[in-house]
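>>> The following block contains a protein sequence and its predicted model.
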Amino acid sequence: MSKKQQWSSKIGFILAAAGSAIGLGAIWKFPYMAGANGGGVFFLLFIIFTILIGTPILLAEFVIGRRTGSDAITSYKKLAPGSAWHLIGYLGTIVSFIILSFYSVVGGWILSYLVRSFTGALSGKTQEQYGALFENIIANPWEILITQAIFIVLTVMVVQGGIQKGIERASRYMMPSLFILFLILMARSLTLEGAMEGVRFLLVPDWSYLTGETALLALGQAFFSLTVGLSVMVTYASYLSKEDSMPRSAISVTGLNIFISLLAGLVIFPSVYALGFQPDEGPGIAFVVLPAVFNEIAFGGIFLTVFLILLLFATLTSAFSILEIGVAAITKGNQKKRMPYTWLMGFLVFIAGIPSALSFGVLGDFTLFGRNFFDFADYITSSFGLPIGALLISIFVSYRLKREDVRHEIQQGSSISSGMFNAWIILLRYIVPVAIVLVFLS
């Protein structure tokens, strides 16, 4: 058995964990959800729920992972031997596998657009033409399968290198680059004439949108944007040193996630408003609306390429963590097995993702419960897998584990007060389960 791997530094762990959380949820999903649900009100609710609901679960996963130093399945077996609690780990591993199977398809879409942006094929079109282009790309079976495979290969090549030499090293380059690219795009967006209307839309609440439905949607976005419920953070925290502060790391990851969501909004909404587009265009905003927006400004082709690179980085850093949970569960810390099993997992993910990749083309007429393969995989993971996993994790840590054991683990490397610890336990035991049930029922 090889020596147990660890993150080389606290910042390495934070960047990798933030990269896991900051994916399509923050950059792609948040803008179109905020655009369709009032902007400022949605963003305010999203911040509140991310802090009060997402962060406690994130910290709970940290506790489980670092206390055991094991993969998601073994962690629960160690903490609750002879019980069925380890099924949480199996649930997270299976749901992660399904998520990556269709997540890699979206990664392929990004690669397709990125190639076209480098060749100039995305320039000079109308919004209708961009819409037709998007439909043609996702309906082309060979292009989608090839780009999906390339995305998986990129993910596997990083994860096979392990924690320090693979995931951490890639995150150290990708995450700072992501912030720099975002700031460049934001600066360009905010200098457009009429951009302040988009800023007001995002930052000034319109209370007429304050409804129960908006609150539930914001809660769901906060919940899913941190990737909690998969036990991904259990796996990442298993490589964390006992000297590192878990509460501080959880706050850092949460803060970075909120900050990136803000930057995404400040890139997209000022541009959309300045050029007369609508903010409620839905999921196509990144692939249909933004190309049309960038097409209207000077050096728009360059800025669109920058945005696509940024989107690819964010998607890859999330994919690293999702693949790692399965690899860690199979290898059990044996680094000699890491390379072959990582490639095996990547191959199986590709095979499982083929139906999702073909959902908008040759398999477009095939449905499960009224949804194509892609939408069905998204639905069962986001509406069932993640909420159930997060609910069980919150119950496990706040009810099943001994309070003093949890306190001891939290306070290693941290100066958290008894009052803050008790407040976290109250949130985890009473507030978080109720909120998750509400999202689940919605």
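Received, thanks.
>>> Quick check on residue 211: phi, psi?
phi -130, psi 170 (degrees, to the nearest 10).
>>> Look up the pLDDT of it for me, please.
As predicted, residue 211 sits at a pLDDT of 84.
>>> Look up how far residue 221 lies from it.
Here residue 211 is placed at a distance of 15 Å from residue 221 (C-beta to C-beta, to the nearest Å). Where you see a C-beta, it was placed from the backbone N, CA and C, and this is true even at glycine.
>>> Between the two, point out the one with more neighbours.
Using other C-beta atoms under 10 Å, the more surrounded residue of residue 211 and residue 221 is residue 221, with 25 against 12.
>>> Quick one: residues contacting that one.
25, 29-30, 33, 42, 46, 49 (C-beta atoms under 8 Å, 6 or more residues apart in numbering).
>>> at 10 Å what do you get?
Taking C-beta atoms under 10 Å, 6 or more residues apart in numbering, we find residue 221 in contact with 25-26, 29-30, 33-34, 37, 42-43, 45-46, 49-50, 54, 261, 439.
>>> Give me the nearest residue to residue 264, chain neighbours excluded.
Among residues not flanking residue 264 along the chain, residue 27 sits closest, at 4.9 Å (C-beta to C-beta, 6 or more residues apart in numbering).
>>> isn't that neighbour right next to residue 317, touching?
No: between residue 27 and residue 317 there is no contact under C-beta atoms under 10 Å: 11.0 Å.
>>> who touches both of the two?
Common neighbours of residue 27 and residue 317, counting by C-beta under 10 Å, 6+ apart, are residue 178.
>>> Quickly note the distance from residue 23 to residue 291.
Remark: distance between residue 23 and residue 291 (C-beta to C-beta) = 21 Å.
>>> can you check residue 355 too?
28 Å.
>>> if you count what's nearby, which of these two comes out ahead?
Neighbours were counted for residue 355 and for residue 291 using other C-beta under 10 Å; residue 291 has more, 26 against 19.
>>> Can you tell me how far residue 167 is from residue 94?
Here the criterion is C-beta to C-beta. By it, residue 167 lies 21 Å from residue 94.
>>> quick one: which of those two has more around it?
Neighbours per residue (other C-beta under 10 Å) separate residue 167 from residue 94, with residue 167 holding more: 28 against 14.
>>> ranges for the strands of the stretch 101-250 of the chain?
Using DSSP state E, counting those that start in this stretch, no strands are assigned anywhere in the stretch 101-250 of the chain.
>>> low-confidence ranges in it?
For the stretch 101-250 of the chain, the stretches with pLDDT under 70 are 162-166, 168.
>>> Do you have the helices of it handy? List them.
Applying DSSP state H, counting those that start in this stretch to the stretch 101-250 of the chain gives helices spanning 127-139, 141-159, 169-190, 195-203, 212-225, 232-237, 246-274.
>>> winner for burial among those?
helix 232-237 (a mean of 30; mean count of other C-beta atoms under 10 Å).
>>> Could I have the CA atoms of that one written out in CSV?
What follows is helix 232-237, C-alpha atoms only, in CSV (Å, rounded to 0.1, in the frame of the first residue of the first chain):
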residue,chain,number,x,y,z
VAL,A,232,-17.1,14.5,-3.2
MET,A,233,-15.9,16.8,-0.5
VAL,A,234,-15.6,13.7,1.8
THR,A,235,-13.0,12.4,-0.6
TYR,A,236,-11.2,15.7,-1.0
ALA,A,237,-11.1,16.3,2.7
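>>> For that helix, what is the distance to the chain centroid?
Distance, stretch centre to chain centre, for helix 232-237: 14 Å (C-alpha atoms, centre = their mean, to the nearest Å).
>>> Which elements pack onto it?
If contacts are counted by 3 or more C-beta pairs under 10 Å, 6 or more residues apart in numbering; DSSP states H and E, helix 232-237 sits against helix 10-21, helix 55-68, helix 72-79, helix 87-119, helix 246-274, helix 300-331, helix 386-395.
>>> repeat that with 7 Å
The contact analysis (3 or more C-beta pairs under 7 Å, 6 or more residues apart in numbering; DSSP states H and E) places helix 232-237 against helix 10-21, helix 55-68, helix 72-79, helix 300-331.
>>> What lies in contact with it?
Contacts of helix 232-237 from elsewhere in the structure, counted by C-beta atoms under 7 Å, 6 or more residues apart in numbering, are 16-17, 20, 58, 61-62, 64-66, 71-72, 75, 96, 321-322, 324-325, 328.
>>> For my notes, please list the helices and strands packed on helix 232-237 in a markdown table and give mean neighbour count for each entry.
Output for the helices and strands packed on helix 232-237, formatted as a markdown table (neighbours: other C-beta atoms under 10 Å):
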| stretch | mean neighbour count |
| --- | --- |
| helix 10-21 | 24 |
| helix 55-68 | 26 |
| helix 72-79 | 22 |
| helix 300-331 | 23 |
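>>> Residue 435 is nearest to which of these?
Nearest of the helices and strands packed on helix 232-237 to residue 435, taken as C-beta to C-beta: helix 55-68 at 9.9 Å.
>>> State the mean pLDDT of the closest one.
On average, the pLDDT along helix 55-68 is 91.
>>> what angle separates that helix from helix 300-331?
Helix 55-68 runs at 40 degrees relative to helix 300-331, counting by axes from the mean of the first three to the mean of the last three C-alpha atoms, to 10 degrees.
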